[in-house]
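K.L.:
Pasting a predicted model and its sequence here:
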Amino acid sequence: MNADQFIELISKIQNRSLKKEFSWAAKNKDLLIPHLLKILKQAISTKNKLSYKDTGHTIAIFLLAQFREKAAFPLIIALLKKMKGS
């Protein structure tokens, strides 16, 4: 698996556990962090309302918090503010 495949897998609702993918993410967090930050930036900048079927931003928040990535915190706050206004 590579980072692009991982992002594709987490971006839509899965009808199965993502345990294998989360394990891969934990082992490859330095590779994955820029991709996860990009997901948050895209979610913030989109003019479209986020769909419940789009799970990439939710999983990105979870993983970035788990990785304690400080660069993610302002993005998470900005995304939450945007969602509140939706």
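P.N.:
Sure, I can see it. Residues are numbered from 1 along each chain as shown.
K.L.:
only C-alpha atoms for contact and neighbour calcs from this point on.
P.N.:
Will do.
K.L.:
So the residue nearest in space to the middle of the chain versus K20, what's the distance?
P.N.:
In the chain, the C-alpha nearest the mean C-alpha coordinate belongs to A60, at 1.8 Å (Cα atoms, centre = their mean). Distance of A60 to K20, computed by Cα to Cα, to the nearest Å: 16 Å.
K.L.:
next one: K49
P.N.:
When K49 is compared with K20 (using Cα to Cα), they lie 30 Å apart.
K.L.:
gap between the two ends of stretch 65-78?
P.N.:
Terminal-residue distance, stretch 65-78 (Cα to Cα): 15 Å.
K.L.:
Any buried residues in it, and which?
P.N.:
A72, L75, I76, A78 (16 or more other Cα atoms under 10 Å).
K.L.:
Identify the spatial nearest neighbour of the third one, chain neighbours not counted.
P.N.:
Translated: I76. I61 (6.8 Å; Cα to Cα, 6 or more residues apart in numbering).
K.L.:
Check the second one too.
P.N.:
Beyond its immediate neighbours in the sequence, the residue positioned closest to L75 (Cα to Cα, 6+ apart) is L40, lying 6.4 Å away.
K.L.:
Give me the number of neighbouring residues for the one you found.
P.N.:
Using other Cα atoms under 10 Å, L40 has 20 other residues around it.
K.L.:
Helix or strand for it, just tell me which one.
P.N.:
helix 29-45 (DSSP states H and E).
K.L.:
I'd like to check what contacts that helix. Which residues are they?
P.N.:
3, 7, 25, 50, 56-57, 60-61, 64, 67, 69, 71-72, 75-76, 78-79, 82 (Cα atoms under 8 Å, 6 or more residues apart in numbering).
K.L.:
Using TSV, lay out the buried residues of stretch 65-78 together with secondary structure, distance to S45 and pLDDT.
P.N.:
Below are those laid out as TSV (DSSP: H, G, I helix; E, B strand; the rest coil; distance: Cα to Cα, whole Å; pLDDT from 0 to 100):
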residue	secondary structure	distance to S45	pLDDT
A72	helix	15	97
L75	helix	11	96
I76	helix	13	93
A78	helix	10	92
